[in-house]
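>>> sequence and predicted structure are below.
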Amino acid sequence: MRGPPLRPAVFARQLLAALDASEGRRRSRKRDTRPDALGLDLKRQLLEALIRENPEPQGLERWLARQCNGPANGGRLAMARAIWEEWQLAASSPAFRRWLEQGAPSEDALRAQASCFSSPPAARTSPPPQPTPPP
């Protein structure tokens, strides 16, 4: 990892920002995205717990494994693996780490932000065109 070691809680906050952008993409899809929403919710729960507990960086893999103990943990295990892989990517890719540090900018997030701040359409200043009479 370049620079100071990334703390798991900082990483988790940054990854939550990226999840917010993917949530916008999920909602705009024309298919049933409930399975996506369930997976994202599991991932969000793990990231929020990671923020609260903030284990040491060298103990993150062990911490993630402990979060998957118990019955019906297949989805949780898949999301824990995804978080671990993203942690490894942040450790090895300066570009990915910068993207996270910048708030995970994406075209989807920028479009959503722009639509929140755009002004309403301007009122018409001229009357609408009149239909032409038939010949």
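All right, it came through fine.

>>> alpha carbons only for contacts and neighbour counts from here, please
OK.

>>> which element is the residue nearest to I51 when sequence neighbours are not counted on?
Once flanking residues are discounted, I51 sits nearest to A9: 4.1 Å by C-alpha to C-alpha, 6 or more residues apart in numbering. Assessed by DSSP states H and E, A9 sits inside helix 8-28.

>>> now that helix: mean pLDDT?
Averaged across helix 8-28, pLDDT comes to 78.

>>> and stretch 87-106, by the same measure?
For stretch 87-106, the mean pLDDT works out to 89.

>>> can you pull the buried residues of the helix or strand containing A90?
Using DSSP H and E, A90 maps to helix 74-92. Residues of helix 74-92 classed as buried by neighbour count (16 or more other C-alpha atoms under 10 Å): 76-77, 79-81, 83-84, 86-87, 90-91.

>>> sorry, back to before: what about the residue nearest to I51, how many residues nearby?
Applying other C-alpha atoms under 10 Å, we find 20 residues neighbouring A9.

>>> how far away is it from A37?
Noted for A9: a distance of 23 Å to A37, by C-alpha to C-alpha, to the nearest Å.

>>> report the next helix or strand after the helix holding A9 in sequence order.
Using DSSP H and E, the next helix or strand after helix 8-28 towards the C-terminus is helix 34-53.

>>> then that following helix to PDB, C-alphas only?
C-alpha atoms of helix 34-53 as PDB (Å, rounded to 0.1, in the frame of the first residue of the first chain):
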ATOM      1  CA  ARG A  34     -34.500  -7.200  -5.500                       C
ATOM      2  CA  PRO A  35     -31.700  -9.800  -5.400                       C
ATOM      3  CA  ASP A  36     -29.200  -6.900  -6.000                       C
ATOM      4  CA  ALA A  37     -30.800  -4.900  -3.200                       C
ATOM      5  CA  LEU A  38     -30.500  -7.800  -0.800                       C
ATOM      6  CA  GLY A  39     -26.800  -8.300  -1.600                       C
ATOM      7  CA  LEU A  40     -26.100  -4.500  -1.300                       C
ATOM      8  CA  ASP A  41     -28.000  -4.500   2.000                       C
ATOM      9  CA  LEU A  42     -25.800  -7.300   3.400                       C
ATOM     10  CA  LYS A  43     -22.700  -5.500   2.200                       C
ATOM     11  CA  ARG A  44     -23.900  -2.200   3.800                       C
ATOM     12  CA  GLN A  45     -24.500  -4.100   7.100                       C
ATOM     13  CA  LEU A  46     -20.900  -5.500   7.000                       C
ATOM     14  CA  LEU A  47     -19.400  -2.100   6.100                       C
ATOM     15  CA  GLU A  48     -21.400  -0.300   8.900                       C
ATOM     16  CA  ALA A  49     -20.100  -3.000  11.400                       C
ATOM     17  CA  LEU A  50     -16.600  -2.500  10.100                       C
ATOM     18  CA  ILE A  51     -16.900   1.300  10.700                       C
ATOM     19  CA  ARG A  52     -18.100   0.700  14.300                       C
ATOM     20  CA  GLU A  53     -15.500  -1.900  15.200                       C
END
